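**Q** For reference, the sequence and a predicted model appear below.
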Amino acid sequence: MTKPTKQRDEALAIEDYALIGDCSSAALVGRNGSIDWLCLPRFDSPALFASLLGSSKNGRYRIAPTGKHEPATRRYRDDSMVLETLFTTDTGEVALIDFMLPGADNSSIVRIVEGRHGSVDMRMDLCIRFDYGLTVPWVTRRPGGNGLVAIAGPEMLVLRTPVKLEGHHMETTAEFTVKAGERLPFVLTHGPSNKSLPMSPDPDDALYDTEHFWSDWAARCRYKGPYERDVRRSLMVLKALTYTATGGIVAAPTASLPEVLGGERNWDYRFCWLRDAVITLFAFMGAGYHDEAASWARWLHRSVAGDPAQLQIMYGLAGERRLEEAEIPWLDGYQGAKPVRTGNAAAGQLQLDVYGEVMSALWQARDAGLLDNTDAWSVQKAMLEHLETIWNQPDEGLWETRGGRKHFTFSKIMAWIAFDRGIRDSENHGLEAPVERWKQVRDEIHEVVCSKGFSKRLNSFTQSFGADALDASLLLIVTTDFLPLDDPRVVGTVDAIEKGLMSKGFVLRYRADEAPDGLEGEEGAFLACSFWLATAMHMLGREEDARKLFDRLVDLCNDVGLLSEEYDPHSKRLVGNFPQAFSHVALVTTAMRLSGNPNPGSTPGQTGSTVS
């Protein structure tokens, strides 16, 4: 095998990738035919190709024409997560079909090279590196030929293909020609190294089954409206980010893709955030996916069970609590962005808003009949008893800042919501609770927020008590019932954020120069916040403005309909981990609102103010 070529060292843009997954693992496929990020068999396991999207010295799995070709075009085949990339050369045309089969005993990446016209010379390069690119496996030919076996420690990968393979310099290559009508498969299957070789699916059968799995799932979507295509694709992304065994949904399948190109804002998002639970639950329910919503609600209930004082903002896919953050110094980082981090120290932060989000999610789930009243209610009561003792403490806030605790206004509003939803649950479902005491706490929080969290000078609620910094999280006040929609403080907050946190037409979370967060540099526009502004505009009667902003946001989706966490309006690049569940669920809930569904989600639906 030859050494890595110059082309290998050129990292693609984040938006040049597409997601494939089997609802237990996932991979990103570049438009150049390269798979540069793969996590098996769990989203939070060490990546097997940990090149951070094409950086040098680490793993990669590429199939592409050997000579010059026109820029590839690609699409998901109909309503599926089957990716088809089309390469056109001077001698012919070839399609690369990539997918993962949901429900299989072992996760496999199936790649089928299909000749469409003429003949095309192709090349496969496979460089397997376990443990985030650190470990070189021992590679042998598969018994009987037609493939290879790679083993290191507990991990094993088996590649099955009729194409002749060559091994050189700890990498594997294959050169072959595909003619019109020919189909050559490459099936890469994961399994534990202490067991026999894992079975691989038949490529053609797997393609048929995968397409039908996704088309059947997409057909269940209940949303009908002007944004149906975008909503359906976003829901499919959320489904692909689901770990079926537990019902958990990862925030993103990647780690350390930078929020600032070349910067230090690089985090591991392969975990389940509690605040994501609320809007994801509502999005699935609003679209008719009650099985997925029920699984997510059960995951939430199991994960938060235990001592309320130990409630975390995020958990692993099965509810794991130890998510220690570490730096990976041997990885270059995406386009030089360092440090590369795995795990997430924010799991140990105090973020009071999660109590409101958990109570909101369980309140909604109970109303929909997704929860057992007795078990879940005992957990909720214990949470509120603990929240009574800590709601007036400073915390790290929704954005997981690393510059010290503050009295974040949004955190207090969500503490108010926690008690408000607990009161509603008790009264609506006849559940035993100290309702009068909770009402007193709720009223006290409301008074404190309105007196300390509102700036008369800005005519807006502010990021933290006594400060003049704005925060886009406060756009969600329109969906909380904390104040009536026509309250001047609500209207003033939306106006102030629109004027003060917009960057080239999109919304920043906050301005780091006005609200230091303990990190260097500014970041891109946070896409979920921009969707929240569209929702706020809509709920305040600014329908035309809301639709214009929403359309502008949808235009940021890449060519296969995927969004990252943020958008850099200066470089016009998607940045942050990709694809990002928070962005896609915000797209879904905003589209539903703009289409006339009054309560598709957010935190939670507008049902009339209870305290003014």
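**A** Perfect, I can see it now.

**Q** all strands for the stretch 51-200 of the chain, in order.
**A** 60-65, 73-76, 83-88, 92-99, 108-127, 138-141, 147-152, 155-160, 166-168, 171-179, 183-192 (DSSP state E, counting those that start in this stretch).

**Q** State the next helix or strand along the chain beyond the top helix by length along the chain.
**A** Longest among the helix segments of the chain by residue count, using DSSP state H, is helix 409-429. Once helix 409-429 ends, the next helix or strand along the chain (criterion: DSSP states H and E) is helix 435-452.

**Q** what comes up buried for that following helix?
**A** 435, 438, 441-442, 445-446, 448-450 (16 or more other C-beta atoms under 10 Å). (C-beta placed from N, C-alpha, C; glycine too.)

**Q** okay if I get the residues you listed as a markdown table plus distance to Gly103 and pLDDT?
**A** Shown next, in a markdown table, are the buried residues of helix 435-452 (distance: C-beta to C-beta, whole Å; pLDDT from 0 to 100):
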| residue | distance to Gly103 | pLDDT |
| --- | --- | --- |
| Val435 | 45 | 97 |
| Trp438 | 44 | 98 |
| Val441 | 46 | 98 |
| Arg442 | 45 | 98 |
| Ile445 | 46 | 98 |
| His446 | 48 | 98 |
| Val448 | 50 | 98 |
| Val449 | 47 | 98 |
| Cys450 | 51 | 98 |
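
**Q** how is this structure carved up into domains?
**A** 6-194+212-216, 220-594 (automatic domain parsing).

**Q** which stretch in those domains is the model least sure about?
**A** Mean pLDDT is lowest for domain 6-194+212-216 among the domains of the chain, at a mean of 88.

**Q** can you pull out the strands in the stretch 251-400 of the chain?
**A** Under DSSP E, counting those that start in this stretch, the stretch 251-400 of the chain gives strands at 272-273, 314-315, 326-327, 341-342.

**Q** What residues are bridge-paired with the nearest residue to Gly397 once chain neighbours are set aside?
**A** Once flanking residues are discounted, Gly397 sits nearest to Phe408: 3.8 Å by C-beta to C-beta, 6 or more residues apart in numbering. Beta bridges link Phe408 to Ser464, judged by DSSP bridges.

**Q** Just want the phi and psi numbers for the spatially closest residue to Glu566 that is not a sequence neighbour.
**A** Of all residues not flanking Glu566 in the chain, Gly524 sits nearest, at 3.7 Å (C-beta to C-beta, 6+ apart). Main-chain torsions, Gly524, degrees, to the nearest 10: phi -80, psi 180.

**Q** which residues sit in contact with Gly524?
**A** 259-260, 566-569, 575-576 (C-beta atoms under 8 Å, 6 or more residues apart in numbering).

**Q** That one and Gly492, how far apart?
**A** According to C-beta to C-beta, to the nearest Å, Gly524 stands 26 Å off from Gly492.

**Q** got it, and Gly118?
**A** 64 Å.

**Q** Same question for Asp291.
**A** When Asp291 is compared with Gly492 (using C-beta to C-beta), they lie 42 Å apart.

**Q** So those two - more neighbours on which side?
**A** Gly492 (17 against 12; other C-beta atoms under 10 Å).

**Q** Surely that one is within a helix?
**A** Yes. According to DSSP: H, G, I helix; E, B strand; the rest coil, the state of Gly492 is that of a helix.

**Q** pretty sure it is touching Ser460, no?
**A** Yes. With contact defined as C-beta atoms under 8 Å, Gly492 reaches Ser460; the gap is 5.3 Å.

**Q** so where do the helices sit in the protein?
**A** 130-133, 203-219, 228-240, 274-286, 290-304, 353-367, 373-390, 409-429, 435-452, 488-500, 527-539, 543-554, 581-594.

**Q** who wins for proximity to Thr172 among these?
**A** helix 130-133 (14.9 Å; C-beta to C-beta).

**Q** Which elements pack onto that closest one?
**A** strand 47-50 (3 or more C-beta pairs under 8 Å, 6 or more residues apart in numbering; DSSP states H and E).

**Q** Flag every buried residue along stretch 485-499.
**A** 485, 489-494, 496-498.

**Q** So what's the gap between that stretch and the chain middle?
**A** Distance of stretch 485-499 from the chain centroid (C-alpha atoms, centre = their mean, to the nearest Å) equals 29 Å.
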